[in-house]
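S.K.: just coords:
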């Protein structure tokens, strides 16, 4: 109703424009900052008003601009901007080896403006019968006892999320193997069984426990091998932190909306004048 009302208020102006010559009404004029307008198909001529483009169709254009501004501005103001993920990674040479104990390694995340919305982590590891080479290759030929593997992730503020808990989901294989695991709350399956397979898996506890925290700072990967003689190595590790999306920047939206208001005001106050020779 509001849009229709604004269109009806310009009936008088539309009638005035209709009385002008068809040549003038159909002309397309542009105006420069120096107060001149130029016909796109002819020489430049003086003008006193900026808003005299498409005068015959001005009521339709005005009504359209009014409706568009009223409908889209609230939507754009609340639309989220795309969040920029921050990733840190490290490859170890020699690999980090643990045999019957617990250790940790760190990555540093910086540059996050907003709090955490999502965390994923990818780990390449080797589990096998003793020994493991300095490059993460299984040299032992016995059972790997995969059930001994334990992994957890600790945030800069101290929250700990278990990725895999020892003696819960895995058994063992002969010989051992090297795999790459990505832990993601969006995964469809969990780690299980005797053999190690690379893939994307659900963590033992949800990584959403980190959501809302400040992700900048030192993150810890805690790795554990729960018994001797069948070592575990961490060969590489990466961490991706996605922040909460911020609001869409409104500078461009506000400028466009302000220009459209000025344009409508000038058109509504103007009367088309014939171009000077």
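M.R.: Cool, the structure landed. Model, not experiment: these values are computed from the prediction. Numbers count the residues shown, from 1 in each chain.
S.K.: can you list the weak-confidence ranges in the chain?
M.R.: Across the chain, the stretches falling below the confidence threshold (pLDDT under 70) are 1-82, 247-277.
S.K.: So which elements touch the host helix or strand of residue 180?
M.R.: Secondary-structure element containing residue 180, defined by DSSP states H and E: strand 177-183. Contacting strand 177-183 under the criterion 3 or more Cβ pairs under 8 Å, 6 or more residues apart in numbering; DSSP states H and E are the following elements: strand 116-127, strand 199-201. In short, each C-beta sits where N, CA and C put it, glycine included.
S.K.: contacting residues around it?
M.R.: Contacts of strand 177-183 from elsewhere in the structure, counted by Cβ atoms under 8 Å, 6 or more residues apart in numbering, are 120-128, 136-138, 144, 153, 163, 191, 195-203, 207, 235.
S.K.: one step back: to residue 169, which of the helices and strands packed on strand 177-183 lies closest?
M.R.: Evaluated over the helices and strands packed on strand 177-183, closeness to residue 169 peaks at strand 199-201, with 9.8 Å, by Cβ to Cβ.
S.K.: Go through the closest one and flag the buried ones.
M.R.: Neighbour-count burial for strand 199-201 flags residue 201 (criterion: 16 or more other Cβ atoms under 10 Å).
S.K.: outside of the helix or strand just after it, which residues touch it?
M.R.: Using DSSP H and E, the helix or strand that directly follows strand 199-201 along the chain is strand 217-225. Contacts made with strand 217-225 from outside it, assessed by Cβ under 8 Å, 6+ apart, are listed as 88, 96, 98-110, 121, 123, 125, 127, 148-157, 160, 166, 231-232, 234, 237, 239.
S.K.: circling back: looking at the helices and strands packed on strand 177-183, which is buried most?
M.R.: The highest mean neighbour count among the helices and strands packed on strand 177-183 belongs to strand 116-127 (a mean of 21), with neighbours defined as mean count of other Cβ atoms under 10 Å.
S.K.: That one: partners in the sheet, and parallel or antiparallel?
M.R.: strand 177-183 (antiparallel), strand 232-243 (antiparallel) (DSSP bridges).
S.K.: Take those and lay them out in TSV including mean neighbour count and distance to residue 170.
M.R.: Formatted as TSV, the strands paired with strand 116-127 follow (neighbours: other Cβ atoms under 10 Å; distance: least, Cβ to Cβ, whole Å):
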stretch	mean neighbour count	distance to residue 170
strand 177-183	18	11
strand 232-243	22	12
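S.K.: now these as JSON lines including distance to residue 171?
M.R.: Shown next, in JSON lines, are the strands paired with strand 116-127 (distance: least, Cβ to Cβ, whole Å):
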{"stretch": "strand 177-183", "distance to residue 171": "13"}
{"stretch": "strand 232-243", "distance to residue 171": "15"}
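S.K.: Of all those, which one comes closest to residue 115?
M.R.: strand 232-243 (6.5 Å).
S.K.: Confirm that residue 91 sits in a strand.
M.R.: Yes: when DSSP: H, G, I helix; E, B strand; the rest coil is applied, residue 91 is found to be in a strand.
S.K.: how close does the closest residue to it other than its chain neighbours sit to residue 123?
M.R.: Distances taken as Cβ to Cβ, 6 or more residues apart in numbering put residue 236 closest to residue 91, at 4.2 Å, once the chain neighbours are dropped. Going from residue 236 to residue 123 by Cβ to Cβ, to the nearest Å gives 7 Å.
S.K.: for the residue nearest to residue 131 when sequence neighbours are not counted, phi and psi?
M.R.: Counting by Cβ to Cβ, 6+ apart, the nearest residue to residue 131 once its immediate chain neighbours are dropped is residue 139, at 5.0 Å. Main-chain torsions, residue 139, degrees, to the nearest 10: phi -110, psi -30.
S.K.: residues contacting residue 163?
M.R.: Contact analysis of residue 163 by Cβ under 8 Å, 6+ apart lists 121, 123, 151-153, 181, 183, 203-205.
S.K.: try it again with 7 Å
M.R.: With contacts taken as Cβ atoms under 7 Å, 6 or more residues apart in numbering, residue 163 has the following neighbours: 151-153, 183, 203-204.
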